[in-house]
Structures are given as structure tokens and as C-alpha cells.
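1. need a 3D model of the following:
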Amino acid sequence: MKFSVLEKNLMKQLEERIRDTTPGVMVRAYQGGRIICDVSAGNTFAYYDLASLTKVIFTTQAMMYAFELSKWNFETKVADVLSWFPHKETRITELLTHSSGLAWWLPLYQEINTQLPLEKRREQLREILQGLKIEKQETAVYSDVGFLVLGFILEKFFDKPLHDVWEEIKNKFYLGTTLEFHPNNQTSIRTGLFAPTEECSVRRKLIQGEVHDLNCWSLGGVSTHAGLFGSIDDVGWFSLHLRSQLMGIARYSIRQKTAQLFAKRALPEGKGDWAMGYMMPTPGSASCGSYFSLDSIGHTGFTGTSIWYDPKMDMSIIILSNRVLYGSDNKAFGKLRPEIHNWIVENYRRSGV
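-> Okay, here's the model as predicted:
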């Protein structure tokens with residue numbers, strides 16, 4: 001395989017930096033819709049646990065699709081859709097922008113009976129969510145719990161179980177990809193093809209081909225906050241799909257106007273760096289480095305994954321890793337991720353690819 005100067009430089013930098021940071025990393029970058037960088041270092045795999053990339057690949061896209069179908073608007077309250085939701089003034093947009101005041105995380109797996117059928121487990125989840133309090137903060141607080149509520153909203157919008165909602169979204173936007181949940185925490189694909197994540201103290205085994213997130217695991221591997229698995233090709237496809245929506249050239253039902261509306265900053269500066277479901281760069285500490293514009297959108301995943309797209313540079317960068325194999329408390333990857341983005345932009349500008 002012939003590598004460009006950009007790729008050779010990046011591989012050298014990665015090989016020097018990943019030791020004690022992550023077992024391996026895959027990096028792909030697109031500019032103008034074409035690949036300018038496609039490299040890997042260390043021990044890599046065909047498929048990765050995408051973790052919270054699920055939020056943008058599935059949930060945000062499904063919410064946009066429902067918006068296009070006029071099932072909700074930016075004034076719609078959660079209780080307008082879910083009669084059981086106790087906080088009557090909370091808007092759906094507050095769930096997407098992590099500004100609802102719901103808890104950031106809860107050990108739901110401790111309360112959900114994994115011996116029950118999946119439908120019964122979701123009933124247990126609903127009962128838990130129904131009893132939660134809201135504590136409004138001055139700034140947005142990233143909340144998996146808020147995205148779990150969005151799962152019930154999607155089931156109501158489409159009148160079908162959550163995995164069936166995903167199947168509709170996949171058939172519409174991602175047909176031909178290997179993006180998939182593992183229902184019942186099982187897959188027909190050989191587990192050795194999946195990047196192992198962590199030695200789990202709850203499940204008492206090394207997790208491989210099974211979702212890392214314990215709350216998603218307790219729900220049977222399908223959720224709106226985590227659960228998707230995929231390859232570098234799959235997440236690359238998503239980045240091109242996102243670009244096409246924003247440029248108005250997508251061959252799907254999402255209008256450019258809607259895509260751009262969801263990609264706009266949704267909270268005032270200082271209150272939270274969020275569009276509708278998408279992260280936006282935090283000046284001085286953005287996970288997409290220091291060159292991506294403040295109009296960029298993306299998301300990170302706890303397992304060591306990320307996707308960022310900058311409409312001004314027309315550049316997207318995808319990173320897949322299993323940094324949690326070195327322990328969930330491993331913080332080194334958080335420093336490496338923005339450096340990777342900076343290296344790519346700097347090498348791209350120097351090489352004139």
C-alpha cells in the first residue's frame with residue numbers, strides 16, 4: 001500500500017504516542033468528500049464499540065427524520081409525547097442539548113432485571129425515569145439519561161420497538177453498511193473481529209463483541225445513548241452522509257434546511273457547546289483540536305471513538321480505538337485525540353494534498 005506524506009507523518013506520530021494510551025487506533029480523514037488520510041497504528045480490529053457515537057448516528061438522525069415528518073417541533077414538550085413524563089415544561093430540545101436538568105448518569109443496570117424479556121426491561125426503565133427529579137443547572141450537563149428518554153419518544157413517534165426504529169433509519173440512511181446493534185447482546189459475527197473493551201467486574205469477563213456500556217447491556221444491547229458497533233468504513237460513510245445533508249446533496253428525505261438547523265449552536269456561549277444532539281467545539285479544550293472552526297459538529301465515545309466535521313474546511317476526521325482496554329480511568333487518550341486532529345490539519349496544509 002502506498003502512503004501519502006501526510007499518512008506517513010501521522011503514522012510515525014501515532015506509533016510514538018499510543019504506547020500506554022491505547023492498544024491501537026484507526027484514523028481516517030476526508031476533505032472535500034475524498035479520503036486524504038487512512039492509517040492505523042498498534043493492534044486494530046475490523047469492528048469497534050462506537051459507544052456514544054450512537055447518539056449522532058442513530059438518535060439525532062432519527063429525531064431529524066421525525067422532525068421532517070412533522071411529528072414534533074422545537075416547542076414540543078416531552079410530556080406532549082410521553083404522558084407519563086412528570087416534568088411538564090421540559091422540551092424535547094432540552095434533551096438533545098443536555099440542558100434538561102436530568103442526571104448525567106445513573107447505575108440503571110443495578111435496578112434492571114436482565115432475566116426479564118426486553119419489553120419488560122424497558123417498562124422497568126420507564127418506571128425509573130418517571131420517578132426522576134430535575135435539577136436545572138446554569139450550564140448544560142451531558143446526560144445519558146436524557147437520551148434514554150429520547151428512546152421512548154422515538155418509539156412513540158414511530159409506533160414500534162426501538163430496534164425496529166433503528167432498522168428503519170438504517171434502511172433509509174445506512175443501507176449497505178455494517179452499522180448494527182447486538183440485540184440480546186449477541187452477534188452472528190465472529191467475536192474476534194471486534195476490538196475488546198474492558199475486563200468487566202459486573203459480567204466477570206473480557207468484553208468483546210458485546211456492548212461496553214452497562215446500562216445499554218442491561219437493556220439488551222439496544223439503546224439511544226450507546227450500543228452501535230461499526231467499522232472505520234461505516235463511520236466514514238456516516239461522515240459523508242452528514243456532509244451531504246448539510247450541503248443539500250443527500251439523496252434522502254432530510255432537507256438541507258433541517259440538517260443545518262440541527263447543526264447550529266443551540267445554547268448561548270458559556271451555557272454549553274451543543275447543537276441539536278451534536279457536540280460543538282469548546283474553545284481552548286475542544287476534542288477536535290485547535291484548527292476546527294467553532295461551527296464544527298461531532299461527538300466522542302467513551303470507548304475511544306470520535307467523529308468531527310468542520311463545514312468551513314469541509315473536513316471530517318474519524319478516530320476509532322479501544323482505549324478502555326487499559327482501564328476506564330485511562331485519561332491519556334483525551335490528550336491524544338485533539339493532537340491527532342491538529343497533526344492531520346497541519347500535515348494537510350503543509351503537503352497540499
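2. all the helices of this protein, residue numbers only.
-> 5-17, 53-54, 61-68, 78-81, 92-96, 118-130, 144-158, 162-173, 214-218, 232-247, 256-263, 332-351 (DSSP state H).
3. which elements pack onto the third one?
-> Helix 61-68 sits against helix 144-158, helix 162-173, helix 256-263, with contacts defined as 3 or more Cβ pairs under 8 Å, 6 or more residues apart in numbering; DSSP states H and E. The way it works is simple: take the backbone N, C-alpha and C, and place the C-beta from them, glycine included.
4. any buried residues in that helix, and which?
-> Neighbour-count burial for helix 61-68 flags 61-67 (criterion: 16 or more other Cβ atoms under 10 Å).
5. try the first one
-> Neighbour-count burial for helix 5-17, counted by 16+ other Cβ under 10 Å, picks out 6-7, 9-11, 13-14, 17.
6. which one of these is nearest A226?
-> Nearest to A226 among these is L14, at 25.8 Å by Cβ to Cβ.
7. surely the closest one is in contact with G24?
-> No - using Cβ atoms under 8 Å, L14 is not in contact with G24, being 9.4 Å away.
8. any residues in contact with both of those two?
-> Counting by Cβ atoms under 8 Å, 6 or more residues apart in numbering, the residues touching both L14 and G24 are 41-42.
9. before we move on, the earlier item: can you list the helices of the chain in JSON lines and add mean pLDDT?
-> Output for the helices of the chain, formatted as JSON lines (pLDDT from 0 to 100):
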{"stretch": "helix 5-17", "mean pLDDT": "85"}
{"stretch": "helix 53-54", "mean pLDDT": "98"}
{"stretch": "helix 61-68", "mean pLDDT": "97"}
{"stretch": "helix 78-81", "mean pLDDT": "98"}
{"stretch": "helix 92-96", "mean pLDDT": "98"}
{"stretch": "helix 118-130", "mean pLDDT": "96"}
{"stretch": "helix 144-158", "mean pLDDT": "98"}
{"stretch": "helix 162-173", "mean pLDDT": "97"}
{"stretch": "helix 214-218", "mean pLDDT": "98"}
{"stretch": "helix 232-247", "mean pLDDT": "97"}
{"stretch": "helix 256-263", "mean pLDDT": "97"}
{"stretch": "helix 332-351", "mean pLDDT": "92"}
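10. can you say which of those helices is packed in most?
-> Greatest average neighbour count among the helices of the chain goes to helix 53-54 (a mean of 29), per mean count of other Cβ atoms under 10 Å.
11. which non-adjacent residue is nearest the spatially most central residue of the chain?
-> In the chain, the C-alpha nearest the mean C-alpha coordinate belongs to L53, at 1.4 Å (Cα atoms, centre = their mean). Excluding its sequence neighbours, the residue lying closest to L53 (Cβ to Cβ, 6 or more residues apart in numbering) is G301, at 4.7 Å.
12. of the buried residues of helix 5-17, closest to A195?
-> Out of the buried residues of helix 5-17, the member with the shortest distance to A195 (by Cβ to Cβ) is L14, at 16.0 Å.
13. what sits against the closest one?
-> L14 touches 25, 27, 39, 41-42, 340, counting by Cβ under 8 Å, 6+ apart.
14. please tell me how far it sits from E346.
-> 14 Å (Cβ to Cβ, to the nearest Å).
15. just put the contacts of L14 in TSV and tack on distance to T76.
-> Shown next, in TSV, are those (distance: Cβ to Cβ, whole Å):
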residue	distance to T76
V25	40
V27	39
V39	44
A41	45
G42	45
I340	38
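16. tell me the two of those that are most distant?
-> G42 and I340 (13.1 Å).
17. who touches both of those two?
-> Common contact partners of G42 and I340 (Cβ under 8 Å, 6+ apart): 14, 25.
18. can you redo the helices of the chain as CSV with distance to S296?
-> CSV is the format used below for these (distance: least, Cβ to Cβ, whole Å):
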stretch, distance to S296
helix 5-17, 20
helix 53-54, 15
helix 61-68, 18
helix 78-81, 28
helix 92-96, 17
helix 118-130, 32
helix 144-158, 21
helix 162-173, 21
helix 214-218, 27
helix 232-247, 11
helix 256-263, 9
helix 332-351, 10
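19. between those helices, which one is nearest to R34?
-> Of all those, helix 232-247 sits nearest to R34, with 9.6 Å by Cβ to Cβ.
20. could you say what helices and strands that closest one packs with?
-> Helices and strands touching helix 232-247, by 3+ Cβ pairs under 8 Å, 6+ apart, are strand 24-31, helix 256-263, strand 305-310, strand 315-321.
21. circling back: just the buried ones from the contacts of L14?
-> Going by neighbour count (16+ other Cβ under 10 Å), the contacts of L14 have 25, 27, 39, 41-42, 340 buried.
22. now, among the residues you listed, which is nearest to P117?
-> Checking these against P117 by Cβ to Cβ gives V25 as the nearest, at 38.4 Å.
23. how near is P117 to Y109?
-> Taking Cβ to Cβ, one finds P117 at 17 Å from Y109.
24. and the two? which has more neighbours close in?
-> Per other Cβ atoms under 10 Å, whichever of P117 and Y109 has more neighbours is Y109, with 16 against 10.
25. next up, the contacts around the closest residue in space to the more buried one that isn't next to it in sequence.
-> Using Cβ to Cβ, 6+ apart and skipping residues adjacent in sequence, the residue nearest Y109 is S218, 3.8 Å away. S218 sits next to 108-109, 112, 114, 121 when contact means Cβ under 8 Å, 6+ apart.
26. just send these back as a markdown table, with distance to V165 too.
-> Compiled in a markdown table, the contacts of S218 are given as follows (distance: Cβ to Cβ, whole Å):
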| residue | distance to V165 |
| --- | --- |
| L108 | 20 |
| Y109 | 22 |
| I112 | 20 |
| T114 | 22 |
| R121 | 17 |
